[in-house]
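Colleague: Just a sequence and a predicted model for now, questions to come.
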Amino acid sequence: MISHHVSYLGSRLSYHGIYFAVEKIGEIAGIEDLHPHSFRHTYATDLLLLGVYPTHAWKLTGHQSDRAFRRYTLRSEQQAAIAAYYRAIGEEEEVE
């Protein structure tokens, strides 16, 4: 993201610049408590749900530790367990 502020025109936005831009977008869109970290969480979860190997997803999201990344694997593991159950009983997974 590039700054349009007169003092920083053309330079990359800082963390705080991105944070405030995303907050403003959320405000305009009527989405409460929208923060840049929400995108990181969604990206990590979506990578795992798409079947990207967890180590690769961890690297792509830039997490510093496996422990910090672990919270994102829970949903994909739950989805995989549900899919395995339906395969085991020979039925189609119910889509909500």
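Modeller: Arrived safely.

Colleague: For Ile2, give me its contacts.
Modeller: By Cβ atoms under 8 Å, 6 or more residues apart in numbering, the residues touching Ile2 are 10-13. From N, CA and C alone the C-beta is placed, and that goes for glycine too.

Colleague: again, only using 7 Å
Modeller: Neighbour list for Ile2: 10, 12-13 [criterion: Cβ atoms under 7 Å, 6 or more residues apart in numbering].

Colleague: Please apply the same query to Glu23.
Modeller: Shown in contact with Glu23 (Cβ under 7 Å, 6+ apart): 34-35.

Colleague: could you list every residue that touches the residue nearest the centre of the chain?
Modeller: Centroid check for the chain by Cα atoms, centre = their mean gives Thr42 as the closest residue, at 2.2 Å. With contact set as Cβ under 7 Å, 6+ apart, Thr42 has no partners.

Colleague: Pull out the buried positions in the helix or strand encompassing it.
Modeller: Using DSSP states H and E, Thr42 sits in helix 36-49. Of the residues in helix 36-49, 44-45, 47-48 count as buried by neighbour count, 16 or more other Cβ atoms under 10 Å.

Colleague: So what are the structural domains in the protein, by residue number?
Modeller: Here the domain parsing of the chain from automatic domain parsing is 1-34, 36-96.
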